[in-house]
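>>> sequence first, then the predicted structure, then my questions.
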Amino acid sequence: MHRSLWGVPLRFIVNVYSQGCENVYGKSVYSTTFSSLRGYSCFKDGGESMAISMQVQIINALYLGERNRASYLLSEIAGRSDILGADSFKYILHYCAKSPDPLFAMETWGIMEEKKVTLRRTCCFRVVESLCKGGYIKEAFNLILFLGENYGMYPSLGMYNNFLGACAKRNRIKYANKCLDLMDSRMEGKNEKTYSVLLKLAVLQRNLSAVHDIWKECSKVYSLTIITLGQFVWAFSILRDLAAAYETLQRMVALAFQGSTSVKKGVRGRFYISKLDIPIPLQSQFGLKKCSFSGKGIFLGMENSEAKGVEVTMLKDLKRNIPVMKLLKCSFNDVMRACARYQNYELAEKLIPQMQKIGLEPSCYTYDFFIQVVASKRGFSDAIEVLKRMQEMNLEPSSSTLATISVSCSEAFELHLAEVLLDQLSGAVHPYFFNSFLEACGILDQPERAVRILLKMKELKVKPNGRTYQLLFSMFGIVNAPYESGNMISQEVAAKRINAIQMDMVKNEVQHSYLSMMGLLQALGLEGMMSELMQHFRSAEYLVCYTNRKLGTHIYNTVLHSLVLAQDTHMAIKIFKNMKSCGFPPNDATYGIMSHCCNYIDCSKSVWILVSMMIRDGFPPDEIAYCSLVKAAVRYENFYEALNLIDRASLDGIQLDVLHYNTVLREAWVKRRIDVIELVVEKMHREKVQPDSTTCFFVFSLYLENGFFSTAIEALQVLSLRMISKDDESLQEKRRDYEDLILDEDFGAESRILSFFGRQEEDISVALLNLRWSAMIGYSVSWLPDESMWATRLSSNYNKIMKHSSKDKVIFVLN
C-alpha cells in the first residue's frame, strides 16, 4: 500500500525516502548510464551548460540506484544561484515522470518551493504525472487542486485523462469521481480518450448501464472510430451484454469495409488514428448501416451482381489493411471469449463463418474459446469434430483446447478418450483439468488410470492443489470401504497410502486446505480409523478456526458422521457439544446425523431433547430426521413417544408414509404388543395412510401367533380392502371390477390377479390374493371394512385412549 505524501513536510519526505541505493519500486538497476539512452542523446554535447550537465549526472545516479548521490547533486544545484531556475529541474522531472519515480519528484518539488523557484506549468504537471504513474493517486489529486487554487495552473485535458487512466489502473473509483466533478466545475470538456478511460472505469464497477450511457453520450458528439468501437465491444463482452457486443462488432465490420479508416501502429505497439480531435455529431443514431452477412452483398440496397463485385473489391482492400484486420480479430475474440464464459453457443456458432467471410481466419486462440462453449453445450463429440476441423486447417490445438475437451470427456465418463487428450498436452495447464479426470476415475473405481495421469502432471510440472489431494485421499485412502468394513490389514495399507500422499503435499509445498482435509477425514472415517481421525480433526479445527470459520460446520459434520457410523455415541455427543461451544452453528445435516445417533443412545429422553434443540435453532426436523427419531423411540419400546413424534410431524406439515408406521409395527410385532399394533393401524386409517403388504404381515402374524385365528382373518380382510382404496365410495366402484376375480373358481383368475404386478400395482395384486385366499377357506368378504367388528373395536379403543392419553403417554407441547 502506498504511503500518503501529501500533508507531510517535504523535507521530511526527502530525508526519509531518498535514502538507499535501490530503486524504491524494486526495479532492476541497469549498468548503462542514462546519457546513452534513446531520447536523451542531446545530453552528450551538454557540457556548455552546467545545469544540464548536473541534471544528466542526477539522472544517471537515479538510473543506477545511487539515490544518496542523486540527492547530494540535487542539493548542489539548489546551492548555486547562478544556475538555479525552472530549467535546472525540467529534465529531472521529465525522467521522474517516465520512470516513474514519484519520491524523487516530490523531493525536487520541495527544493523548488524552498528556493522559491518560479514554477512552470510543464514542471508542475511532470510531478503530477510521476505521482499518477507511481500509484499515489490521492497525492496527485491534491497537487492538481493545490496548483489550481494557489498558482492558477490548470491541467490540460490530456493530464486529466492520464489521471483518470491511473485511477482505472489502480481501481480508485473514488478519486476518478472527484476528478470528473473537478472537470465539470472547471468546465473541462471530454474527448475520445476521456470516454475510453471512463469506459474502463465503468467495466471495473461492473456497471453496464454506465457503459450504455457513455455510448450514447460519445456517439452524440463523435463519429466513433474503429478503435473506439472495439473498446465498446470489449466492454459489452465483459459485462455480459452479448447482444450489444455483437451489434457493435457488426458496425466495426461495416466501418472497416468503408475503407476510410486509416489505423497506424505506434512506437509502443498501440494502434491509433491520426486525425484532429474535433467533435463531429452523427447524422443518424449510429451513423452506419449494419453489415449484412446474408451472402447477397456487404451492404444492402445493391443488385446481386453489383454487390458481389463491390464485395470482392472491398475484401481485397480490407485484407491489405493489416492493422484494421488485427483490430477486428481482437474484437471477434473478445465476443467469442464472452460466449465461452457465458455459454452462448448460438452466437459463437455465428462468429466463425462471419470471420471467414470477411477474410479473417480464426486462430487457435479463437478456436480455444469456441471449443469451450461447444464442449459445454453440445458435448465432447461435437468438440472433437471442431478439433478435427482445426487439424484440417493445419492449426495446432493449444494445451488449453485439449484440456477443455478432456474435461467434457471426463464428465461423460469417456476416460480412455480423456486420457489420450491429456497425454497430448505439451504445456502446463491448471490442475482443474486433471482434477476432473481424477474425479471420474474415483467414481468408476479406476485408480490405475489416475496413477498414469499423476505421472503426466509431474512431467508437465503441474502443481496439485487442495482439490487434487482431496480426490487422492478419497481414491487411495480407502481400501475396503464401501464394500466391507475396514480391518487391521486394510487400515495399515490405507495408513501407508495416506502418509505417501501427505509426503507429496510437503514436497510440493501444498498446505492442507479445507478440500484436502475433508478428503482425508472422509477416508479415515470410512476405513474406521477413529484414532487417526480424531488426531487429524484437531488439525482441521485449527485450520477452520483461523482461516474460514464458515467451513467449520462441514468439518464437524464429516467427523460426526464417521463417529455415528462407528457407533461411538459418547465421542459424537462430546464433539457436538464442543461444536456448539466453539461457535460453529449446526445445520440441518448436523441434526440429521445426531437424529441417527439417537438410535444408539440408551436414553429415550434424548429424542425429545434433540427435537427441542432443532426447533429452537430454526431447523425443524424433516422426514428423514423424523424417521431416525421414530426408530430411536421404538428401540426402547417407547411406542407412545414414537406416535407423539408422528403427531409432531403432522403438525409440522410432514405427512409420514407407511414405512414410518411399519417401523413402529415391526418393533411392536417383535415385542408381541397387540395393543400397540391396533393403535397404530387405527391411527393409519384416520391419517388416510394406506397399508401395504408389510403392514398386513405384521398384523396377521401377531394375531395368528397368539391364537386369534378369526381375528387374524378379519384384520387381513380389512387391511386388504384398505390397500385397494382409501374410502368406501371408491371401494364400491372397484368392487365391480375385482369381486369376480376373488370369487371366480377358475384357475385363470389367479393369473389375471398376478398380472397386476406387471402394471406396477403390487399392492392391488397382494390385496386380491389375500381376499381370494380368505374366501377359499370359508370366510365371506364384506366390502364395507369400517363396519366390521374388528374395525369398530379399534376405533372405540382409539377414542378411549385419546381421551385418557395423559395417563399413558407423554404429551409433548412446543410453543
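Sure, I can see it.
>>> only C-alpha atoms for contact and neighbour calcs from this point on.
Noted.
>>> where does the stretch 251-400 of the chain dip in pLDDT?
Residues of the stretch 251-400 of the chain that meet the criterion pLDDT under 70 lie in 259-321.
>>> show me where it has helices.
Using DSSP state H, counting those that start in this stretch, the helices of the stretch 251-400 of the chain run over residues 304-320, 322-342, 345-357, 364-377, 380-392, 399-411.
>>> can you check the pLDDT for Leu524?
Here, the pLDDT recorded for Leu524 equals 91.
>>> I figured it hits Gln535, correct?
No: in terms of CA atoms under 8 Å, Leu524 does not count as a neighbour of Gln535; the distance is 10.5 Å.
>>> those two: who's more crowded?
Set Leu524 next to Gln535 and count neighbours by other CA atoms under 10 Å: Leu524 wins out with 27 against 11.
>>> flag the shaky bits of this protein, pLDDT-wise.
Residues of the chain that meet the cut-off, pLDDT under 70, sit at 1-49, 82, 259-321, 481-483, 545-549, 602-604, 636, 745-748, 757-760, 803-815.
>>> tell me, what residue is most central in it?
With the centre of the chain defined as its mean C-alpha position, the nearest residue by CA atoms, centre = their mean is Arg341, 12.2 Å away.
>>> contacts only, for it.
The contact partners of Arg341, by CA atoms under 8 Å, 6 or more residues apart in numbering, come to Val373.
>>> next, count neighbours for the nearest residue to Ala383 once chain neighbours are set aside.
Computed as CA to CA, 6 or more residues apart in numbering, the closest residue to Ala383 that is not its neighbour in sequence is Ala375, at 5.2 Å. The number of residues packed near Ala375 is 24, by other CA under 10 Å.
>>> so Ala375 touches Val386, yeah?
No: taking CA under 8 Å as the definition, Ala375 is not a contact partner of Val386, at 9.8 Å.
>>> could you give the number of residues near Ala668?
Using other CA under 10 Å, the number of residues around Ala668 comes to 24.
>>> from memory it sits against Val680, does it?
No: look at Ala668 against Val680 with CA under 8 Å: they stay out of range, at 9.6 Å.
>>> now do the SS call for Phe141.
Secondary structure, DSSP: H, G, I helix; E, B strand; the rest coil: Phe141 is helix.
>>> and for Ser223?
Classification of Ser223 using three-state DSSP returns coil.
>>> next, it: phi, psi?
Listed backbone geometry of Ser223 is phi -80, psi 100, with angles given as degrees, to the nearest 10.
>>> next: Ala412.
Backbone torsions of Ala412, given as degrees, to the nearest 10, read phi -90, psi 10.
>>> sec struct for the residue lying farthest from the centre of the chain, please.
Of all residues in the chain, Gly778 has its C-alpha farthest from the mean position, at 69.2 Å, by CA atoms, centre = their mean. Per three-state DSSP, the local secondary structure of Gly778 is coil.
>>> ok, it - contacts?
If you count contacts by CA under 8 Å, 6+ apart, Gly778 has none.
>>> how much space separates it from Ile742?
Separation of Gly778 from Ile742 (CA to CA, to the nearest Å): 13 Å.
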